[in-house]
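A.B. asks: Predicted model and sequence follow; I will ask about them next.
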Amino acid sequence: MQELDGDTNGLKALQIKRLESTYRRKVKGDSLVTVPLARHLTEISHELGRQVGVLIDRSGHIQRVIIGGPSRLYLPDVGRARVGVGRLRGLRLIRTELRAQGLTNEDLADLSKLRLDAVASIQVDRYGTPKEVHWAHLHVLHEKGVHAKSQPRKTITPQDYVAKSLQDLPDDALQIIRESENEMSRVFGREAKKVNRDSAVLVGVHPHGRNAKVFAKESMAELRELAFTAGVEVLDEVIQIRRALDPKTVLGRGKIEEISLLALELGAEVLIFDRDLAPTQLRAITNTTSLKVLDRTQLILDIFAQRATSRDGKLQVELAQLKYTLPRLIDKSTAMSRLTGGIGGQGPGETKLEIHRRRARDRINRLEKQIKKLSVQRGVRRKQRKQAQVPLVSIVGYTNAGKSTLLNAVTNASVLAEDKLFATLDPTSRRVRFPDEHEIVLTDTVGFIRDLPKDLVNAFKATLEELEESDLILHVIDASDPLVDDKMKSVEKILEDLGVEDIARVLVINKSDQTPALMVSALKRATGGLPTSALHREGMEALMERIETTVFENRAQATTN
């Protein structure tokens, strides 16, 4: 005899035996459910005071028997294998309903998400007999286009029915379902949607306010660039402007279910949020969807993990990842539990989770010790450089502003420079000699980004501490960026947090060749910066003169004082 799914605690041996006997029943023909099976389920449900459900395949055999609670049924894992957009799973859910609610949003979400043939809710009266039956299946909806000349929009959506009694159910329910499946196959194709583990749906949730739509659009553009840098294929984007963010799930459970369905239909494996998610929010969202969920910080950390090449950089990235993920370690149930997570969560699963957390904490302690040793070694090198009286000039700026390209232009180096965010991660230093025998060390640091994660800043302090020893900081901005002012402020805020705001600074207005002359002139007047094009090596002479003048005049003045 097959086992029961769900919560069997508190059930008597005879009740369990009656439930197990359900597996011996069979639905013949094209009926949705037979009268004897329906009465069997409603009688047991009435006796237990709980919902009872079965999953039936197309041959009429009962595959699973599920025991729920008074108002909810938790579905077992029916397999994560994807079916085609135009194909159904070949299973239908028949469950009892004790509170005369009919089909719920959870029923319809299960129908769409799991690609079930049908879902049916049988109302149980006070005598334990079946009454009304609410049932639904998926079908193709042809909607009119927004404009008269636009093509009709085709979507797959639930079609629901109500039968006053079991006798009113259609005898050819499975035939109706097969015809709808054939239509879906014709419209959307029979092949299974290919699942790309590097594909995602981007989700932007922003508070309502002035210029909220403009900010949301630009923020999502940056998230899209981050996804591209991480090697993720973006299949779709969803933006929601809310007056108040949902404290539990950020954008509301109904919207998450809608986005999850969209991702499943597109074949995406990941949802990436354009904001940082609190551990409780991540847990709530993860328990609502079978997809992998990442927030903005996790995406940035993934990029850093891909880009780090030096031992120092790899250790710092791993430390940042562990510190960020430690409070977010969760024991996600494998059950397809009505999009809300499974029952319980105690016992061996929790013990295993604690083991993971303890190992993560131990690893964090070891990494911190190793990074501290490397920091001491860098301190020795800085001391030697200081004794040699070689000035240090550091290049900072928003990611993808052209810092590495500038270093290559000034030093004829071959540092990796791509049109991607965080193209280079590990700091690179090169010596530069001036005609009058002056020398400086020019260092390209990691790119900054809006709301740079705190864990990332802390982990990279060992690297960014080079800035504290700088004689001059070159702040590179992208003149062609429409959000150049906001990004300048973001970098200035990070420099202030690092305590280096008092170090002499030169603003480099890069990519001036890609920007209208009037805008470049306005930036120059407002900031006193130097227009350059690092890619075409324009404005390099003026920049080098400004560096030499600023660094060595400041040194001479300091010596005099």
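C.D. replies: Cool, got the structure.
A.B. asks: which ones are touching S112?
C.D. replies: L138, I156, T157, P158, L261 (C-beta atoms under 8 Å, 6 or more residues apart in numbering). Where C-beta positions appear, they are placed from N, C-alpha and C, glycine not excepted.
A.B. asks: So which of those residues are in strands?
C.D. replies: L138, I156, T157, P158 (DSSP state E).
A.B. asks: tell me the SS of R126?
C.D. replies: Assigned state for R126: coil (three-state reduction, DSSP: H, G, I helix; E, B strand; the rest coil).
A.B. asks: mind checking how far it is from H46?
C.D. replies: 8 Å (C-beta to C-beta, to the nearest Å).
A.B. asks: circling back to that earlier point, of the ones in strands among the contacts of S112, which is the nearest to T445?
C.D. replies: I156 (49.7 Å; C-beta to C-beta).
A.B. asks: In contact with the closest residue to that closest one other than its chain neighbours: list those residues for me.
C.D. replies: Among residues not flanking I156 along the chain, L138 sits closest, at 5.4 Å (C-beta to C-beta, 6 or more residues apart in numbering). When contacts are counted by C-beta under 8 Å, 6+ apart, L138 touches L88, L111, S112, R115, I156, T157, P158, Q159, S180, M184.
A.B. asks: where's the dip in pLDDT among those residues?
C.D. replies: pLDDT is lowest at I156 among those; the value there is 75.
A.B. asks: What's opposite that residue in the beta bridge?
C.D. replies: V140 (DSSP bridges).
A.B. asks: How far does stretch 497-516 stretch from one end to the other?
C.D. replies: 33 Å (C-alpha to C-alpha, to the nearest Å).
A.B. asks: What are the buried residues along it?
C.D. replies: By neighbour count on 16 or more other C-beta atoms under 10 Å, the buried set for stretch 497-516 is 498, 500, 503, 505-513, 515.
A.B. asks: And these, which is closest to S199?
C.D. replies: K511 (30.7 Å).
A.B. asks: Need phi/psi at the closest one.
C.D. replies: The phi/psi pair for K511 (degrees, to the nearest 10) reads phi 60, psi 30.
A.B. asks: Apart from its chain neighbours, what residue comes closest to it?
C.D. replies: Nearest to K511 is S480, by C-beta to C-beta, 6+ apart, at 4.7 Å.
A.B. asks: Model confidence for that neighbour, exactly?
C.D. replies: Per-residue confidence (pLDDT) for S480: 89.
A.B. asks: Same question for the one 10 residues further on.
C.D. replies: At S490, the pLDDT value in this model is 84.
A.B. asks: same thing with E350?
C.D. replies: In this prediction E350 is given a pLDDT of 43.
A.B. asks: Likewise for the one 10 residues further on?
C.D. replies: On pLDDT, A360 comes in at 78.
A.B. asks: how near is it to G379?
C.D. replies: Relative to G379, and taking C-beta to C-beta, A360 is found at 28 Å.
A.B. asks: Equivalent analysis for V187, please.
C.D. replies: Distance from V187 to G379, by C-beta to C-beta: 66 Å.
A.B. asks: and if you look at G102?
C.D. replies: 70 Å.
A.B. asks: More neighbours: R126 and H46, which one.
C.D. replies: Set side by side, R126 and H46 show more neighbours around H46, with 18 against 7, by other C-beta atoms under 10 Å.
A.B. asks: Among the ones in strands among the contacts of S112, which one lies nearest to I364?
C.D. replies: Of the ones in strands among the contacts of S112, the one sitting nearest to I364 (C-beta to C-beta) turns out to be I156, at 46.2 Å.
A.B. asks: just checking, that closest one touches R115?
C.D. replies: No. Between I156 and R115 there is no contact under C-beta atoms under 8 Å: 9.2 Å.
A.B. asks: center of the chain - which residue?
C.D. replies: Centrality entry for the chain: nearest residue to the mean C-alpha point is I272, 2.1 Å, by C-alpha atoms, centre = their mean.
A.B. asks: Partner strands of the helix or strand containing that residue, with direction?
C.D. replies: Per DSSP states H and E, I272 falls inside strand 268-273. Strand pairing for strand 268-273, determined by DSSP bridges: strand 196-207 (parallel), strand 292-294 (parallel).
A.B. asks: Can you add mean neighbour count, distance to L319 and mean pLDDT and give those strands back as CSV?
C.D. replies: Output for the strands paired with strand 268-273, formatted as CSV (neighbours: other C-beta atoms under 10 Å; distance: least, C-beta to C-beta, whole Å; pLDDT from 0 to 100):
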stretch, mean neighbour count, distance to L319, mean pLDDT
strand 196-207, 19, 25, 80
strand 292-294, 20, 19, 87
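A.B. asks: need the strands for the stretch 401-550 of the chain, in chain order.
C.D. replies: 428-433, 439-444, 472-478, 505-510, 530-531 (DSSP state E, counting those that start in this stretch).
A.B. asks: Low-confidence stretches in the stretch 51-200 of the chain?
C.D. replies: For the stretch 51-200 of the chain, residues meeting the criterion pLDDT under 70 lie at 79-86, 143-154, 189-197.
A.B. asks: Go again with 50.
C.D. replies: Residue ranges of the stretch 51-200 of the chain with pLDDT under 50: 80-81, 145-150, 190-196.
A.B. asks: do the stretch 301-450 of the chain as well
C.D. replies: 331-351, 423.
A.B. asks: Helices of that one, residue ranges please.
C.D. replies: With helices called from DSSP state H, counting those that start in this stretch, the stretch 301-450 of the chain shows them at 311-325, 348-387, 403-411.
A.B. asks: buried sites along the first one?
C.D. replies: For helix 311-325, burial by neighbour count (16+ other C-beta under 10 Å) applies to 312-325.
A.B. asks: just to revisit the earlier point, which ones are touching the residue nearest to the centre of the chain?
C.D. replies: So I272 contacts A200, V201, L202, V203, L223, A227, V232, L294, D295, R296, L299 (C-beta under 8 Å, 6+ apart).
A.B. asks: separation between it and V234?
C.D. replies: To V234, I272 is 8 Å away according to C-beta to C-beta.
A.B. asks: Now do the shared contacts for those two.
C.D. replies: Counting by C-beta under 8 Å, 6+ apart, the contacts common to I272 and V234 are A200, V201, L202, A227.
A.B. asks: mind listing what the second one touches?
C.D. replies: Just to be clear, that refers to V201. 234-238, 259, 262-263, 266, 268, 270-272.
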